[in-house]
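S.K.: coordinates for the following, if possible.
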Amino acid sequence: MGSERVVDPVTGYAYPDEWVARCEDPATRALAASGLGVLTADGRVLRRGFTTGTTAAAAAKAAVLSLGRPVDGVAITLPCGLRVAVPARGEGGRGEARKDSGDYPSDVTAGLLFVATAGPAPAGVEVVAGEGIGRFVRDTPRYRAGDAAVSQTAMASIERAADEAREEVGRAGVRVVLAIPEGAAVAHKTLNPRIGVDGGVSVLGSTGLVEPWDDHLSESAFERVRGAERVVLTTGRIGLRYSRLLFPSHEAVLVGVNLGRALDEVRGEAVICGLPGLVLKFIDPDVLTGTGCATVEDLTATPAWPGVLERAFARSRQEHPGVRVVVVDRAGTVLGDSA
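M.R.: Numbers count the residues shown, from 1 in each chain. Below you'll find the predicted structure:
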């Protein structure tokens, strides 16, 4: 009897039959099929974790639900569309959740406690970022100085979770204050001090899930690259989404920071597609030198950006002939195409 077909509901990737056959444990195979695990070429399944945005949403929902009853777990709809159970507890308007990073051992925010306090409001849901959540100390293309470092996607997830709870407990409005008590201490281990975020960690999450990563997963990605006639290499979840939309006939493979190794594995036609940050830094590691910008995203908002992009494309054509580079922004707008 052949192996059942297993598709990753987060990425839409249909795992090769031989990978599925090597996964002999029905429970771990089910984990991969649920989207909370990632199947690797050797049949192992690595656990996905929950982002800071999902953890904050869980704490917020537990806090609001606890206005009506004690809580020992919540269901959250992730930005990627999956509905998942997240460990959380709540009592008397206070909710707590700890960040589960899955099989991503390098995540410095693993285990962080998120605390939410819920109280009455005139109507709807109001979410306030409190202690331990970082704030921008300068203007950026997406944030003004003083704004909380909470992505729009994460905030939408938090507000949706709190609103579901508000309806369940029958309140007209709720105000939720989020805090990460150890956030300021842990933030020093993140990139936040370098990108102008002070006082805590960021609350993020484009899919709501933390991707696992180890050598087995890297090798699985490289195997997909080797086996593709036409491949798009991308660096993150947003890039993966637009890679699929822009190049539907290509195999889209998320390779993170391993663009160089992935290009070595290409046997057919290749495109690099993604947000400017990792793509430009891969082409020119010194792209920010002398610009006065802390991030490539900052650089995109300056008059120098068009010239920077053209020089990067010229360098890429020279060092990686035949490889097309497409840079997109978070809304999917193509900022540049080397073709």
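
S.K.: from now on I want contacts and neighbour counts done on CA atoms only, so please keep to that.
M.R.: OK.

S.K.: next, count neighbours for Arg244.
M.R.: The local packing of Arg244 (other CA atoms under 10 Å) involves 18 other residues.

S.K.: what sits against it?
M.R.: Contacts were defined as CA atoms under 8 Å, 6 or more residues apart in numbering; by that measure Arg244 touches 250, 252.

S.K.: mind running it again at 7 Å?
M.R.: Taking CA atoms under 7 Å, 6 or more residues apart in numbering as the contact definition, Arg244 lies against Ala252.

S.K.: and the strands in the stretch 151-300 of the chain?
M.R.: Under the criterion DSSP state E, counting those that start in this stretch, the stretch 151-300 of the chain contains strands at 173-179, 197-198, 209-210, 230-234, 251-254, 269-274.

S.K.: columns distance to Val84 and mean pLDDT on top of those, output as JSON lines?
M.R.: Converted to JSON lines, the strands of the stretch 151-300 of the chain look like this (distance: least, CA to CA, whole Å; pLDDT from 0 to 100):
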{"stretch": "strand 173-179", "distance to Val84": "21", "mean pLDDT": "98"}
{"stretch": "strand 197-198", "distance to Val84": "30", "mean pLDDT": "95"}
{"stretch": "strand 209-210", "distance to Val84": "10", "mean pLDDT": "92"}
{"stretch": "strand 230-234", "distance to Val84": "26", "mean pLDDT": "95"}
{"stretch": "strand 251-254", "distance to Val84": "23", "mean pLDDT": "90"}
{"stretch": "strand 269-274", "distance to Val84": "28", "mean pLDDT": "96"}
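
S.K.: which one of those strands lies closest to Ala118?
M.R.: Nearest of those to Ala118, taken as CA to CA: strand 173-179 at 4.5 Å.

S.K.: and the contacts of that closest one?
M.R.: 60, 114-133, 166.

S.K.: how many other residues sit next to the closest residue to Val287 other than its chain neighbours?
M.R.: Distances taken as CA to CA, 6 or more residues apart in numbering put Lys281 closest to Val287, at 6.3 Å, once the chain neighbours are dropped. Taking other CA under 10 Å as the neighbour definition, Lys281 ends up with a count of 15.

S.K.: my guess is Lys281 contacts Thr295, does it?
M.R.: No - if you go by CA atoms under 7 Å, Lys281 and Thr295 don't touch, sitting 10.0 Å apart.

S.K.: any weak-confidence spans in the stretch 201-339 of the chain?
M.R.: 214-217 (pLDDT under 70).

S.K.: got phi/psi on Ala228?
M.R.: phi -100, psi 140 (degrees, to the nearest 10).
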